[in-house]
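Chemist: take a look and give me a structure for this.
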Amino acid sequence: MHNNKNIDMRKESDDIKGQQQNINLMAGPSCSELEFVDAREASPDVVEELIIGRTAEKGKIIASLLDGMSEKIIILPIYGIGGIGKTTFARLIYNDPNFKCYSHVWVHVSQIFDLNKIREYVISQLSGKESQAIERQIIHSCLTELLSGKILVDLDDLWEEDQFHLQELKDMLYHADSSIIILVTTRSERVARRICTNLQPYKILPLTNDICWDIIKQRSSFESRNDKRQLMDIGREIAKKCRGVALAAQSLGFTLRSMNIDQWIKVKESGIWNEPISDYASLPNHVLASLKLSYSHMDASLKPCFTFCAIFPKGHKIVKDDLIYQWISLDFIKPSNMLSNLQLGEKYIGQLLGLSFFQHSVPTFKANLHILQL
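Modeler: Presented below is the predicted three-dimensional model:
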């Protein structure tokens, strides 16, 4: 059975390799010397010292939530373009000490709205048990019992616009014996306005060029470089091309950390910033441009590992060790004299986290597993 699974995975991998060869990306130098990112640098709890910007915004949001504590249910929609930092901002609120006495639930909703799945996620995280272990006929009473007291729920990446479905979602989470705060992140202002109740939707605005430059400096280990004076003006010009989008700055910053001054200049002057990328309407052009630049400078040995992940849907949660073993079984990882297969797999995971192609999933009841999310 295991062999058949590997054969199926190989077939899918061959298809992905074929697609990869047809991707028109600019050639770039290898970044085989990319450093391994310590997992502590990308904690699932979003260590606040590592988050640049949004501090004042967070303070205002926390104050508005605390002011509304008398309400049984508070819904705060957070909306903005892809890559602007909605999820990171929501996590900062989610992990704030003001809500330490709340039970926490994090649900990645995605484009396919499934109320039953959302219900199962809520039950799983509040009960600490797999939702499948709960009898279907008592699921409603179970949910009513669990949704008592103080609950903080984050519904991440909501796309559903149907007013009836949104009302069903709110009705499912509302219970008379509870005090519930619901954070909702979405790209759609329409969704944000339809889900809101007592708080106006909050729009995440672009970061300033200076903050984007600060993010690039952080991700590229700029302050430890000997050539930082020569790179200062070049880096500021690159930061402008991010147009205030955190994801673009994060991805570029990690890519730039292994580059010399000539390569920084090539990134700044690349024609990719002006190319139309109409096939990817869900993200702004400058975000896709930064991700394409990061991909094109990715080490050749890392590309098939990343491309393989195209078999998973957006937002899919992956057990890190399982993914590494899949890469090994498909011969994507070749042991070196210095590192074993598993050590290389860990290094590749670190690089993909640094490039923001992966992120750590919010901890759930599976606390013993290291879960990644696309």
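Chemist: show me the helices in the stretch 1-150 of the chain, by range?
Modeler: Taking DSSP state H, counting those that start in this stretch as the criterion, the stretch 1-150 of the chain carries its helices at 2-22, 55-67, 86-94, 115-127, 139-146.
Chemist: cool, and the stretch 201-350 of the chain?
Modeler: Going by DSSP H, counting those that start in this stretch, the stretch 201-350 of the chain shows helices at 209-219, 228-241, 246-256, 261-269, 285-296, 303-308, 320-329, 341-354.
Chemist: ranking those by mean pLDDT, which is last?
Modeler: By mean pLDDT, the lowest-scoring of the helices of the stretch 201-350 of the chain turns out to be helix 285-296, with a mean of 81.
Chemist: got the CA positions of that one in PDB?
Modeler: In PDB, the C-alpha atoms belonging to helix 285-296 read as follows (Å, rounded to 0.1, in the frame of the first residue of the first chain):
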ATOM      1  CA  ASN A 285       1.400  42.400  -9.200                       C
ATOM      2  CA  HIS A 286       4.100  43.700  -6.900                       C
ATOM      3  CA  VAL A 287       3.500  40.900  -4.400                       C
ATOM      4  CA  LEU A 288       3.700  38.200  -7.100                       C
ATOM      5  CA  ALA A 289       6.800  40.000  -8.600                       C
ATOM      6  CA  SER A 290       8.600  39.700  -5.200                       C
ATOM      7  CA  LEU A 291       7.700  36.100  -4.800                       C
ATOM      8  CA  LYS A 292       8.800  35.300  -8.400                       C
ATOM      9  CA  LEU A 293      12.100  37.000  -7.700                       C
ATOM     10  CA  SER A 294      12.500  34.900  -4.500                       C
ATOM     11  CA  TYR A 295      11.600  31.700  -6.400                       C
ATOM     12  CA  SER A 296      14.000  32.500  -9.300                       C
END
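Chemist: tabulate the helices of the stretch 201-350 of the chain in a markdown table, adding columns for distance to residue 63 and mean neighbour count.
Modeler: All C-beta spots, glycine's among them, are computed from the backbone N, C-alpha and C. Output for these, formatted as a markdown table (distance: least, Cβ to Cβ, whole Å; neighbours: other Cβ atoms under 10 Å):
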| stretch | distance to residue 63 | mean neighbour count |
| --- | --- | --- |
| helix 209-219 | 22 | 21 |
| helix 228-241 | 30 | 17 |
| helix 246-256 | 23 | 27 |
| helix 261-269 | 40 | 15 |
| helix 285-296 | 30 | 22 |
| helix 303-308 | 41 | 19 |
| helix 320-329 | 37 | 18 |
| helix 341-354 | 32 | 20 |
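Chemist: quick one: which of the ones you listed is nearest residue 169?
Modeler: Minimum separation from residue 169 across those (Cβ to Cβ) falls at helix 246-256, 26.9 Å.
Chemist: who are the packing partners of the closest one?
Modeler: Contact here means 3 or more Cβ pairs under 8 Å, 6 or more residues apart in numbering; DSSP states H and E; on that basis helix 246-256 packs against helix 209-219, helix 228-241, helix 261-269, helix 285-296.
Chemist: grab the nearest non-local neighbour of residue 96.
Modeler: residue 62 (6.0 Å; Cβ to Cβ, 6 or more residues apart in numbering).
Chemist: what's the neighbour count on that neighbour?
Modeler: For residue 62, the neighbour count with other Cβ atoms under 10 Å is 16.
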